[in-house]
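Engineer: fold the following, please.
(one chain, ligands or ions: 1)
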Amino acid sequence: MKIALIQPNLSENYQNQRQAYGSLNRPPETGLAVLSAYIKEYSKKNPEVEILDPNQNIDLINDQVINSDILGLSDWFSNHDTCMDLAKKVKLKSPDLKIVIGGPNVSMIPKEILANHPYIDYVVSRDGEDALLGLVENKSIKNIPNLWYRENGKIRFTNQSYTNLKNMPIWNFENFQNLDDRLDEYLSAQKSGLDPWLIPPLTLFSFRGWGKEEIKTNLSSINRRLHRTPKYDYLRVE
Ligand code: B12
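Structural biologist: Model prediction:
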């Protein structure tokens, strides 16, 4: 079982947008590292997972996924068109390859995605770990949480569920293509003592899995701690 994951680059219409950070490059995607670690830990199929480098031409990416069983795309509004372009081209060349899409953008518009984009097989809404694992394990679709799919021309949803964070393995970036090149900017910036705001940070999780009340209480205590500790004053908590 071969799984390819990718968070495609910004769509053309967003390439000139003002970035939140000084660099246009994006660090290796933590969301995909988390998904990869989870399926590696819990799948009985011993899947081979590769997280593709988005900094390459779409046709080249298409050639590389030809032998994969599943292609997983991470969709933010800012790369939505690139996701759709890639999915369309991949489906044309490899019609049996299952294409699943998740991430913050499609999580909010799953029905529209399935209605308007026939080359997408599944949409995952919100937490993706158990949904992707279910697809890799080839479980019956109805038993896979957070999954939108088509059945007899109708768009259906299974059920909503949240990942049990106590079962989350520690993730790393070992399955990323061209990792050294992608990290080069970060490592050299770190060594030179460059202003950290000039490079986009790797993700720091601070409140995934908290309810609204916990976020309110804990955020104010995190803010107090951050403000009291000059060493961390560049950390941003979203
Ligand atoms: C960290 C972060 C960044 C970092 C990314 C660093 C990195 N190494 O990954 C940086 C600073 C680079 C960044 C940049 C931008 N970001 Co940002 N970022 C975030 C943040 C805070 C966390 C993302 C994250 O890692 N979450 C943790 C992981 C585990 O969760 P996840 O990625 O959502 O993935 C889970 C699910 O979504 C799902 N899933 C995701 N992908 C897939 C794929 C498949 C196949 C499946 C099955 C499931 C699945 O499963 C995962 C596990 O449960 C979010 C806000 C948030 N709280 O989520 C904003 C957020 C993602 N960013 C956003 C935006 C707008 C941007 C920028 C466009 C801002 C700008 N103008 O510069 C740029 C885009 C840069 C680029 N070139 O692409 C928006 C996207 C909005 C949307 N609805 O699409 C968000 C949601 C913030 C917001 N509320 O507005 N960002």
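
Engineer: helices along this protein, start to end?
Structural biologist: Using DSSP state H, the helices of the chain run over 30-42, 58-64, 80-93, 110-116, 129-136, 179-192, 212-228.

Engineer: redo these as a markdown table? Include mean neighbour count, distance to residue 150 and mean pLDDT.
Structural biologist: Yep, even glycine has a C-beta here, placed from its N, CA and C like the rest. Listed next are these as a markdown table, based on neighbours: other C-beta atoms under 10 Å; distance: least, C-beta to C-beta, whole Å; pLDDT from 0 to 100:
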| stretch | mean neighbour count | distance to residue 150 | mean pLDDT |
| --- | --- | --- | --- |
| helix 30-42 | 20 | 23 | 95 |
| helix 58-64 | 15 | 23 | 96 |
| helix 80-93 | 19 | 14 | 98 |
| helix 110-116 | 16 | 6 | 98 |
| helix 129-136 | 24 | 14 | 98 |
| helix 179-192 | 13 | 35 | 80 |
| helix 212-228 | 11 | 34 | 55 |
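
Engineer: between these, which one is closest to the ligand.
Structural biologist: Among these, helix 30-42 comes nearest to the ligand, with 2.5 Å by C-beta to the nearest ligand atom.

Engineer: and the closest one with helix 129-136, angle?
Structural biologist: 60 degrees (axes from the mean of the first three to the mean of the last three C-alpha atoms, to 10 degrees).

Engineer: so which elements touch helix 30-42?
Structural biologist: Counting contacts by 3 or more C-beta pairs under 8 Å, 6 or more residues apart in numbering; DSSP states H and E, helix 30-42 packs against strand 2-6, strand 48-51, strand 70-74, helix 129-136.

Engineer: adding distance to residue 142, write the helices of the chain out as a markdown table.
Structural biologist: Shown next, in a markdown table, are the helices of the chain (distance: least, C-beta to C-beta, whole Å):
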| stretch | distance to residue 142 |
| --- | --- |
| helix 30-42 | 20 |
| helix 58-64 | 31 |
| helix 80-93 | 24 |
| helix 110-116 | 16 |
| helix 129-136 | 10 |
| helix 179-192 | 37 |
| helix 212-228 | 30 |
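
Engineer: how close does residue 83 sit to residue 112?
Structural biologist: 14 Å (C-beta to C-beta, to the nearest Å).

Engineer: residue 151 now?
Structural biologist: Applying C-beta to C-beta to residue 151 and residue 112 gives a distance of 17 Å.

Engineer: output the helices of the chain in CSV; the columns should cover distance to the ligand.
Structural biologist: As requested, those are exported to CSV (distance: least, C-beta to the nearest ligand atom, whole Å):
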stretch, distance to the ligand
helix 30-42, 2
helix 58-64, 15
helix 80-93, 8
helix 110-116, 12
helix 129-136, 4
helix 179-192, 10
helix 212-228, 11
